[in-house]
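In: Okay, sequence plus prediction incoming.
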Amino acid sequence: MKRGQPPFLPLATLVLALAAGPAAANNHRQAERISMEIGDEPGRVATAEQVIEEGPFARQLVFFRSAEPPGTIVVHTSERFLYVVQGNNRALRYGIGVGREGFQWSGLVRVTRKAEWPDWTPPPEMIARQPYLPRFMAGGPGNPMGARALYLGSTIYRIHGTNQPETIGHAVSSGCFRLANGDVIDLFERIAVGAKVIIRHGASI
Amino acid sequence: MMVAAFPASLIRRLAPAALALLLAACGTTIDESVTTPRTLTERPATIRNEQLIGKWGVASYREEKDRKRVEAQARAQCRLPYIITKGPSDGVMMHLADDAKLYELRIKGGSDGKTYLGPESAPGEWQDREVISITEKEMIMRFVDPEVHGRYGTFIYVRCPG
């Protein structure tokens, strides 16, 4: 893993990512239905302000070579980083939690919707294991979706907050990308609906 | 673990205040009407098991502004209903908070005029739910334990057709 090093975006890899695009995302829709199935703690409260304050997963400005326009989100699944391109070879980098092995994906999508304190519907598999859960939970501090959500294309993948900030840096979901609540609030304010989101699964060269 | 060093009773007493501070920090409205668990004497209950038995769509909310839409969501959850059945003695089979096992729970009238649902114990104990309202088609409950209530919010049960 190359945490802390400036990532590059080779043209060939970008072309592959763009080609995979929505099709790759669509192939994973079913898998995403069990996103947050493993190890989630619905009902657990995390403060909205919580951010990753130190270490590699703390929000920070980094060197980032990219031809993408400012405002583009680039997710490096293997590095557990999400970058917001700033231009001039700089990006704002956030630590994230990603899909566990077998549930990671790549592609090009756009932010189609934004929501504050999004609602949450536990997948049926989770209800089977935790039958005491409500089948629908209105957005709030105990909701595993956290403080904010950016909806990705027509998929059911999202960039969202979490009530488990300790999972940042780990592969825990089935394809969603999670940030600490304070960080996702910061990201939410910077990103507009329509923003391009590039998800890269492979390691940087 | 550090928590184990404190008596459970102390943690119970401090939990509401801690939760209030936590939620206040989030800028979230606190429902101050949440029952504070205390020892109550039992009175005859005003509802019957039969009113609870059946299939229910279940959803939860924390803020009153969400109640109407959550009610609609509860109705939509009948495709994955919560099923309450009659227990082997004089209760109904339901879950406690954070526990996947079924227990026989009993309806208990409290000396505070409220109705509770929980294990065999005095009404208003920590594992109980408070039955806030109940009609033929809908019931609203919340956990007595403020910590659990803070996590899950208020539950709306909408009776499923059929």
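Out: Looks like it arrived, so ask away. Nothing here was measured: the structure is a model prediction, and the numbers come from that model.

In: check contacts around the closest residue to A:Phe81 other than its chain neighbours.
Out: Counting by C-beta to C-beta, 6 or more residues apart in numbering or on different chains, A:Phe81 lies nearest to A:Arg93, which is 5.3 Å off, once chain neighbours are set aside. From N, CA and C alone the C-beta is placed, and that goes for glycine too. Applying C-beta atoms under 8 Å, 6 or more residues apart in numbering or on different chains, we find A:Arg93 in contact with A:59-62, A:64, A:81-83.

In: quick one, longest strand in chain A?
Out: Across chain A, the strand with the greatest residue count (assigned by DSSP state E) is strand A:107-116.

In: on that earlier part again, which secondary structure element contains the residue nearest to A:Phe81?
Out: Using DSSP states H and E, A:Arg93 maps to strand A:90-95.

In: Nearest residue to B:Gly118 in space, ignoring adjacent ones along the chain?
Out: B:Asp128 (3.3 Å).

In: any idea how far the one you found is from chain A?
Out: 14 Å (C-beta to the nearest C-beta, to the nearest Å).

In: Check B:Arg62 too.
Out: B:Arg62 is 4 Å from chain A, where distance means C-beta to the nearest C-beta.

In: distance of the closest residue in space to that residue that isn't next to it in sequence from B:Ser60?
Out: Closest residue to B:Arg62 apart from its sequence neighbours, by C-beta to C-beta, 6+ apart: B:Gly153 at 4.0 Å. Plainly put, B:Gly153 is 4 Å away from B:Ser60 if you go by C-beta to C-beta, to the nearest Å.

In: quick one, which of these two is more surrounded?
Out: The neighbour comparison of B:Gly153 against B:Ser60 (other C-beta atoms under 10 Å in any protein chain shown) goes to B:Ser60, with 29 against 26.

In: I'd assumed B:Arg151 was in contact with that one.
Out: No: contact criterion C-beta atoms under 8 Å: B:Ser60 and B:Arg151 do not qualify, at 9.6 Å.

In: what's the spacing between the strand holding A:Arg93 and its chain's center?
Out: Relative to its parent chain, strand A:90-95 has a centroid offset of 13 Å by C-alpha atoms, centre = their mean, to the nearest Å.

In: so the residue nearest to A:Phe81 bridges to which residues?
Out: The partner list for A:Arg93 in beta bridges (DSSP bridges) reads A:Gln60, A:Tyr83.

In: Please name the residues that touch the most centrally placed residue in chain A.
Out: Centroid-nearest residue in chain A: A:Phe177, 2.0 Å away (criterion: C-alpha atoms, centre = their mean). Going by C-beta under 8 Å, 6+ apart, A:Phe177 touches A:75, A:82, A:96-98, A:157-160.

In: neighbours around the residue nearest to B:Gly118, how many?
Out: 28.

In: Surely it is in contact with B:Thr115?
Out: No: the criterion here is C-beta under 8 Å, and B:Asp128 misses it with B:Thr115 at 9.8 Å.

In: In the chain, mark out all the helices, start to finish.
Out: Using chain A. Counting by DSSP state H, one finds helices in chain A at the ranges A:11-27, A:29-32, A:124-129, A:181-190.

In: Sorry, I should have been clearer: chain B.
Out: According to DSSP H, the helices that chain B contains are B:8-26, B:67-76, B:146-152.

In: surely A:Leu187 meets A:Val75?
Out: No: using C-beta under 8 Å as the test, A:Leu187 is too far from A:Val75 to be in contact (11.4 Å).

In: which residues do the two both contact?
Out: Common neighbours of A:Leu187 and A:Val75, using C-beta under 8 Å, 6+ apart, are A:82, A:159.

In: what's the spacing between the residue nearest to A:Phe81 and B:Pro119?
Out: Between A:Arg93 and B:Pro119 the computed distance is 50 Å (C-beta to C-beta).

In: What of B:Thr154?
Out: 21 Å.

In: hang on, the earlier thing: give me the sheet partners of the longest strand of chain A and which way each runs.
Out: Its sheet considered, strand A:107-116 pairs with strand A:148-152 (antiparallel), strand A:196-200 (antiparallel) by DSSP bridges.

In: so of the ones you listed, which one's packed in deepest?
Out: Mean neighbour count, computed with mean count of other C-beta atoms under 10 Å in any protein chain shown, is highest for strand A:148-152 among the strands paired with strand A:107-116, reaching a mean of 24.

In: quick one: contacts for the closest residue to A:Pro124 other than its chain neighbours?
Out: Nearest non-adjacent residue to A:Pro124, counting by C-beta to C-beta, 6+ apart: B:Leu80, 6.0 Å away. Counting by C-beta under 8 Å, 6+ apart, B:Leu80 touches A:124, A:127, A:135.

In: Just the buried residues of those residues.
Out: Neighbour counting with 16 or more other C-beta atoms under 10 Å in any protein chain shown marks A:127, A:135 as buried within the contacts of B:Leu80.

In: a markdown table please, covering the contacts of B:Leu80 and showing pLDDT.
Out: Output for the contacts of B:Leu80, formatted as a markdown table (pLDDT from 0 to 100):
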| residue | pLDDT |
| --- | --- |
| A:Pro124 | 85 |
| A:Ile127 | 89 |
| A:Arg135 | 95 |
